[in-house]
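**Q** return a 3D structure for these sequence lines:
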Amino acid sequence: MMIIDMRMHPEIRSQVKSGVSALLVQSRQIWGDTRHNLPDIIVRLMVGVGDIARTARDYVGRHIKGDEWDEDLKKELGNVILSTIRWTDDLGFDVLECLDLAINAQEKFANSGRPR
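**A** Reported below is the predicted structural model:
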């Protein structure tokens, strides 16, 4: 089994950094250089979570078919990913540092044996 850890592998970290940087540039091309504060970000994130919930509700309620649901869910998850990269930068945080902290926390929780 191959183990990848961007915290330990400089080449992988560099690739992740390049990808995140490109996505940040692209999101700024779309939205301009408007910076949001934390309350603005929370409202927008909750809208994204609500859109994911709506997609799930519509699929369970059979208002949309599997292929249409897949496409909508992929779009909404992508919206959260792309927006989160931009919002992290809006707050002046380094995305890779945030990812390091998240990886550490998820590893700690996964190894804790506590139920999810």
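
**Q** for this structure, which segments count as helices?
**A** All helices of the chain, identified by DSSP state H, fall at 10-31, 38-60, 66-90, 95-110.

**Q** buried set for stretch 3-21?
**A** By neighbour count with 16 or more other CB atoms under 10 Å, stretch 3-21 contains the buried residues 6, 13, 20. From N, CA and C alone the C-beta is placed, and that goes for glycine too.

**Q** can you put those residues in JSON lines and add pLDDT and distance to Leu82?
**A** As requested, the buried residues of stretch 3-21 are arranged in JSON lines below (pLDDT from 0 to 100; distance: CB to CB, whole Å):
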{"residue": "Met6", "pLDDT": "94", "distance to Leu82": "19"}
{"residue": "Arg13", "pLDDT": "97", "distance to Leu82": "20"}
{"residue": "Val20", "pLDDT": "98", "distance to Leu82": "10"}
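
**Q** coming back round to it: hey, which of the helices of the chain is tucked in deepest?
**A** When the helices of the chain are scored by mean count of other CB atoms under 10 Å, the highest mean neighbour count falls to helix 66-90 (a mean of 15).
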